[in-house]
Every structure is written in structure tokens, then in C-alpha cells.
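> I would like to see how this sequence folds:
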Amino acid sequence: MDRREFSTRLAAGGLFAAAGAARAQAPVEGTHFVRLSQRVPVQLPADKKIEVVEFFWYECPHCNTFEPVLEAWVRRLPPDVAFRRVPVGFSARHQVAQKLYYALEEMGQLDALHRRVFQAVHGQGVRLTSEADATTLVGALGGDKARFAELFKSFAVATKATKARQLTDGYKIDGVPALGIHGRFYTSGALAGGHERAVSVADFLIAQSRKA
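Numbers count the residues shown, from 1 in each chain. Alright, predicted model coming up:
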């Protein structure tokens, strides 16, 4: 889901028909992934060497479908790889979900509620069009509504949201879900030919980044 309907490429039958043949080939720059013309900063703990970033939006159906594939893949990542999620803020509506994510993080409730937010949006039809929508959802999920509302408007959340938008712009992301690899590359299901193929391309890019 994106600013220019980028994600509609996921529905193109030819793209998925080609996925089986593409799986046997090495990923091709400009087709299965993009190399950035200008590197963007990475954010690494001292014990990590490679950063992977998932760009997503809670209301994106493709992000919801990608989530179980992503979670399984993250569990298999090598120990020197640092993974983090970055919610996009393309528009005011995207920024509601963006602040929801960072407010949950500030509350220490992200691990407990992240998947449940996806389930509420895509399984129960919940929409996140305003702060009130986000606060109501958090309350329904058992969170502290007053604390959430305070954090939603906090400087800490605003700062994280600003940095997220800067990183999204740095990677030149215009559709989600997408994976940024160590400030140098990005790929997605639309580029790679499906969600499973996207994580395989990301594995290839992690190896390329490690060599560099």
C-alpha cells in the first residue's frame, strides 16, 4: 500500500507466474532489488554488523500477509544481523499508525500487542484514521488508554516518527512492505516476485553487505 499504488504490482499475475523461475536465479539488481545511489545511516548495537529494516503500515493488507513470513525469517537471521521495524508516515493517516507503533514501544507493550493490532485491523475491520481510533483500539486490547494517549502526543514519539520518515525517504521507499538492507539496498515482494522470494533476496543482500 503506497502513495502511487505501488503495491498493486503484487496482484499482477505475470509477476507471480515468473516467481518460480526467478527462484532458481541469482537476484538481479534493478529487477529484484535496488541499490541506493546514496547510503543511509544504520543503527547498530555493538554486537551486530548488518542492519535489516522492515518498512510497513498496520493497515496495509500485504504487510499483514507478510508478517508471519517475516517473523519466521527473523528467527533464522544470523546473530550478527540487527532487525527492526519502521512504520511509514507517507500521509496523515499513515502517521496515526506510525505513532501508535512508537507509543506502544514507549509503553513496553510492542511485543505483546504488535500482532494483535494487525489482527484487529484485518480481522475485525478496525480503522486507524485518528488518535481516538488508536486510543480506542489500545484500550480494547487491554492497554492503558490514558498512558497511551499521553505518549501518542509525546516528544519521544514525535522524534521517533520524524526519524522514521527520514529513513523512509533515505531508502526511497514508496510501497510497503519493503526490506532495507544495511543502508545500501532495498527489496520487496513486488520487486522480488512474492513474500518468500523477498526474504531470499534479503538473505543475498545481507551476504553482499557482509562481504563489503
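> hey, let's count contacts and neighbours off CA atoms from now on
OK.
> same for the helix or strand harbouring residue 159, what does it pack against?
Residue 159 belongs to helix 155-171 when assigned by DSSP states H and E. Counting contacts by 3 or more C-alpha pairs under 8 Å, 6 or more residues apart in numbering; DSSP states H and E, helix 155-171 packs against helix 92-107.
> list the buried ones in the helix it packs on?
Using 16 or more other C-alpha atoms under 10 Å as the test for burial, helix 92-107 gives 94-106.
> I'd like to know which elements it is packed against.
Secondary-structure packing of helix 92-107 (3+ C-alpha pairs under 8 Å, 6+ apart): strand 81-87, helix 110-123, helix 131-140, helix 145-152, helix 155-171.
> okay, it in CSV with CA atoms only?
Only the C-alpha atoms of helix 92-107 are listed here, as CSV (Å, rounded to 0.1, in the frame of the first residue of the first chain):
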residue,chain,number,x,y,z
ALA,A,92,-1.6,11.9,7.9
ARG,A,93,-3.4,8.6,8.1
HIS,A,94,-0.2,6.6,7.9
GLN,A,95,1.2,8.8,10.7
VAL,A,96,-1.6,7.7,13.0
ALA,A,97,-0.5,4.1,12.8
GLN,A,98,3.2,5.2,13.0
LYS,A,99,2.6,7.0,16.3
LEU,A,100,0.6,4.0,17.5
TYR,A,101,3.6,1.8,17.0
TYR,A,102,6.0,4.1,18.7
ALA,A,103,3.6,4.8,21.6
LEU,A,104,3.3,1.0,22.2
GLU,A,105,7.1,0.8,22.1
GLU,A,106,7.4,3.6,24.7
MET,A,107,4.9,1.7,26.9
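> lowest-pLDDT helix or strand in this protein?
Across the helices and strands of the chain, mean pLDDT, DSSP states H and E gives its lowest value to helix 13-17, namely a mean of 42.
> what's the helix or strand for the residue nearest to the spatial centre of the chain?
By C-alpha atoms, centre = their mean, the mean C-alpha position of the chain lies nearest to residue 55, the distance being 2.5 Å. According to DSSP H and E, residue 55 maps onto strand 50-56.
> paired strands for that strand, with orientation please.
The sheet places strand 50-56 alongside strand 81-87 (parallel), strand 178-181 (antiparallel), with pairing taken from DSSP bridges.
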